[in-house]
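Asks: Just the structure for this:
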Amino acid sequence: MQSVRDFDAITSHLAVWHAYDPAVRAELCSTSLTTTGGIYLIDPIPLQQRALDELIGSSGAAGIIVPNSNHQRAAVPLAQHLSVPLFAPLEFFPYFPLFLSQTISLPPSSLCVFNLIV
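Replies: Numbers count the residues shown, from 1 in each chain. Here you go, the predicted model:
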């Protein structure tokens with residue numbers, strides 16, 4: 001999939017970007033949420049470096065969140081590139097058990113924190 005050139009700032013704390021992926025024949029959408037702890041990227045698809053730098057800005061990246069198993073997309077390489085943890089259920093990334101640093105219970109399931117920094 002090609003990197004997206006730009007994002008749309010919905011508010012000062014919320015942004016989205018999207019692109020059509022011919023491999024899955026669907027429009028894919030990603031979201032960022034700015035918190036006091038930094039920016040979380042949710043279901044990220046690739047953004048060009050200029051756009052990523054602009055999106056993150058001085059807030060700094062805090063983590064990547066993957067709430068759906070089909071939405072792994074650019075999560076792993078982006079978490080490594082930004083040196084931030086990846087938040088996802090363990091079954092989404094079963095090949096990363098050595099990187100599992102903690103589990104957060106959120107009934108009815110658990111969210112795992114993977115530190116992929118090498």
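Asks: Same question for the host helix or strand of A15: list its buried residues.
Replies: Per DSSP states H and E, A15 falls inside strand 14-21. Residues A15, W17, A19 are the ones in strand 14-21 that count as buried (16 or more other CB atoms under 10 Å). (Each C-beta comes from the backbone N, C-alpha and C, glycine too.)
Asks: try stretch 23-37
Replies: Of the residues in stretch 23-37, those buried (16+ other CB under 10 Å) are L28, S30, T31, S32, T34.
Asks: in this protein, what spans have low per-residue confidence?
Replies: Residues of the chain meeting the criterion pLDDT under 70: 1, 69-72, 90, 92-118.
Asks: just the helices in it please.
Replies: Here the chain has its helices, by DSSP state H, at 49-56, 75-82.
Asks: any idea which of these is most buried?
Replies: Comparing those by mean neighbour count (mean count of other CB atoms under 10 Å), helix 75-82 comes out on top with a mean of 19.
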